Every structure is written in structure tokens, then in C-alpha cells.
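Student: let me see the structure of the following:
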Amino acid sequence: MTPKDREIAKELKKRLSKVIDLLDFRVFGSRARGDADEYSDMDVFIEVGAVNKELSEKIFDITWEIGFKHFMVISTLIFTRDELENSPLRSSSIIKNIGKEGVTV
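Tutor: All right, here's what the predicted structure looks like:
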């Protein structure tokens, strides 16, 4: 991950931490691997204790603001701990990939 990408991710995490209880926050995909180009989005994995429509909207709004500020599309995947531990999601390839290549910020 480039220093600039790390700073953007830290800014996003800091802003989100003010409104939600983050259990895990990782960047994954091309930005985490360091093979992104200037047009690549930033993929972010967010784990929370619980999620509802209002919380999802807050996450979306903050993510959009940070992305707009830095001329970058930021894509989020939001999951609860229960979903990750007690649903078929725990065996999905995307979750395994995030576990392997995701960079904790």
C-alpha cells in the first residue's frame, strides 16, 4: 500500500470510528497489494457489531466524502461479527482473500 493510500485509509477509519464501533477495518484488493493505478478504487472491509439502515447510510456518506476529497472511489464491504462467524459467508472466497491480503489500518 502506498503512503498516500494508507493516509486516506487512516482518515476514513478515524472518521468512521467517531460514529460507529469498528471491530475490524482493512484495505484489500489492488491498493493493498500495491498494484493499483491512478483510477483504481480502494476496497475497504469493515466489521461492526451490528448494522442497520441508518448505520449503513452513515458509513456510505462518510466514505463518499473522503473519496470525493481525494478524487477516489472507495468501495466498502460491511459485515457483522455474527455474519462472519455464523453464516456461510465465513467460507466465501472474498472473506478468505481479505484475510490473506487485507492490510489492517
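Student: the host helix or strand of residue 95: which residues count as buried?
Tutor: Assigned by DSSP states H and E, residue 95 belongs to helix 93-101. For helix 93-101, the neighbour count (16 or more other CB atoms under 10 Å) marks 95, 98 as buried. All C-beta atoms are positioned from the backbone trio N, CA, C, and that covers glycine.
Student: what's the average pLDDT for that helix?
Tutor: What helix 93-101 shows for mean pLDDT is 92.
Student: could you do stretch 51-71 as well?
Tutor: Per-residue scores along stretch 51-71 average to 96.
Student: swap in stretch 22-29?
Tutor: 97.
Student: now do stretch 29-37: everything it contacts.
Tutor: Residues outside stretch 29-37 that contact it (CB atoms under 8 Å, 6 or more residues apart in numbering): 1-2, 5, 26, 40-43, 101-103.
Student: filter those to the buried ones?
Tutor: Among the contacts of stretch 29-37, those scoring as buried are 1, 5, 26, 42-43, 102-103 (criterion: 16+ other CB under 10 Å).
Student: one step back: what is the subsequent helix or strand relative to the helix holding residue 95?
Tutor: strand 103-104.
Student: and the contacts of that next one?
Tutor: By CB under 8 Å, 6+ apart, the residues outside strand 103-104 that reach it are 1, 9, 24-28, 32.
Student: 10 Å instead, please
Tutor: Residues outside strand 103-104 that contact it (CB atoms under 10 Å, 6 or more residues apart in numbering): 1, 5-6, 9, 13, 24-29, 31-34, 45.
Student: element containing the closest residue to residue 56 other than its chain neighbours?
Tutor: The spatially closest residue to residue 56, leaving aside those adjacent along the chain, is residue 78, at 6.5 Å (CB to CB, 6 or more residues apart in numbering). Applying DSSP H and E as the criterion places residue 78 in strand 74-80.
Student: residues of the longest helix that the chain contains that come out buried?
Tutor: When the chain is parsed with DSSP state H, its longest helix is helix 53-69. Neighbour counts over helix 53-69 (16+ other CB under 10 Å) mark 59, 62-63, 66-67 as buried.
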